[in-house]
Each structure stands twice: as C-alpha cells, then as structure tokens.
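In: I need the structure of the sequence given here:
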Amino acid sequence: MAGGRLLRAKDRVARPWKNGGGVTRDIMVFPDGAGDADFLWRASIATIEKAGPFSAFPGVDRAFLLLRGDLLIDVGDRGEQRLHPGSPALLFGGEEAVRARPLGGPCSALNIMTRRGRASAILERWSGPKAADRLLLLATGTAPVTVGADTIHLAKDDALLIDRAGDSPPSADAPLVAAFIRDQLVQ
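Out: Okay, here's the model as predicted:
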C-alpha cells in the first residue's frame, strides 16, 4: 500500500517504563530509531498492572486513551478521575505528576507522545478523516480498513500508519482508535 505502513501487534517488544513501574510496547516511534530523548512523536500501548506514578517526559505532550480495564488516574492538581473504555482521551504535559491505579485487574492504554512545539496529536475513537500529516489507526478488535483500492485486515491491537491521509481517506466499519498527528516544525 503506497503511503501506508502496517504495524502488527505480534511484532512489538515489551520494554520497561523509564521509571520501571510498568511495560510499554512501541507501535511507532518517529523518526525511526529515535529514543526517549529525541523522538518527534511516539505511539505505544502501556500495560498498567499496579498502582504507581507515570514516568516524567518534560517538554512532551501526552494523549492517553484507555483501551481495556478500569483505571483511577490523578494528573497534577486536577483530582482523581475514573477512566474506562469509552472515556475520551486524557491530555496532559509530560512534566505533570501522574499517578494511576488499576481497578479489578490490569489495564492497557494507547499513549501518544508528541514533542511540544514540534508535533501535536488528536486522539479519539475513529469517526472519519480529519486534517493531519499522519494518521495512526489502532484496531480494538478485528477490522478491515480500506485505503484507496487496498483493504488491510487488522487484528486486535494492529495499527496502520498512513502518511498524508487526506490524499486517500481510509474507511472502516469496525471500531478503531485514531491518532491524527501534525508536524509543527519551528522555523
């Protein structure tokens, strides 16, 4: 598929959080090969098994969307919130103090991080195309996605990255989560 990249869940490697309090599986890091100190944006699925703090990422904006489980989360001075699948994405700065506690078992969440002033993201459940430099679609179950003349079959937690998504907007009749990513290169 031209302008697209299939990112299979089975190919992801679990790695510990920067603070050691959980694990994450990177879906995509941009640019390829970038680390925690120099990514422009990063998408990952985090597994939260026990209560504790999130890793600090100063200068990074985060969009956090719960995929599975129930979670109590406390961000900065906002007070504790209860998240469940279907809750809107929670937005916060990477330097904010964040603590979370799963309720009734492990949780998983899609975490989009963008370098402040250089990229931004909107994270929501897919309802159709929006303007973006890149579109990342994550399947929450099995999902056929049509892009132009191609149909890509996604399994649960598979992702599809589409560059210049407005050129050939995708369509799908299955539940997906979408991250609309924009470059904001400072001149």
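In: How much space separates Leu83 from Arg68?
Out: Leu83 sits at a distance of 11 Å from Arg68 (criterion: CB to CB, to the nearest Å). C-beta here means a position set from N, CA and C on the backbone, and glycine is covered the same way.
In: got the CA positions of stretch 13-31 in CSV?
Out: Once non-C-alpha atoms are left out, stretch 13-31 reads as follows in CSV (Å, rounded to 0.1, in the frame of the first residue of the first chain):
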residue,chain,number,x,y,z
VAL,A,13,8.6,-6.0,22.0
ALA,A,14,7.7,-5.2,25.7
ARG,A,15,10.1,-2.8,27.4
PRO,A,16,10.0,-1.4,30.9
TRP,A,17,8.8,2.1,31.6
LYS,A,18,11.5,4.7,32.1
ASN,A,19,10.6,4.6,35.9
GLY,A,20,10.3,0.8,36.0
GLY,A,21,6.7,0.9,37.0
GLY,A,22,5.2,-1.0,34.1
VAL,A,23,5.8,-2.0,30.5
THR,A,24,5.0,-0.5,27.1
ARG,A,25,5.1,-1.8,23.6
ASP,A,26,6.0,0.8,21.0
ILE,A,27,3.7,0.9,18.0
MET,A,28,5.8,3.5,16.2
VAL,A,29,8.5,6.0,17.1
PHE,A,30,9.2,8.9,14.7
PRO,A,31,11.7,9.3,13.3
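In: buried sites along that stretch?
Out: Buried positions in stretch 13-31, judged by neighbour count with 16 or more other CB atoms under 10 Å: Trp17, Gly21, Gly22, Val23, Thr24, Arg25, Asp26, Ile27, Met28, Val29, Phe30.
In: Quote the end-to-end distance of stretch 151-171.
Out: End-to-end distance for stretch 151-171: 9 Å, by CA to CA, to the nearest Å.
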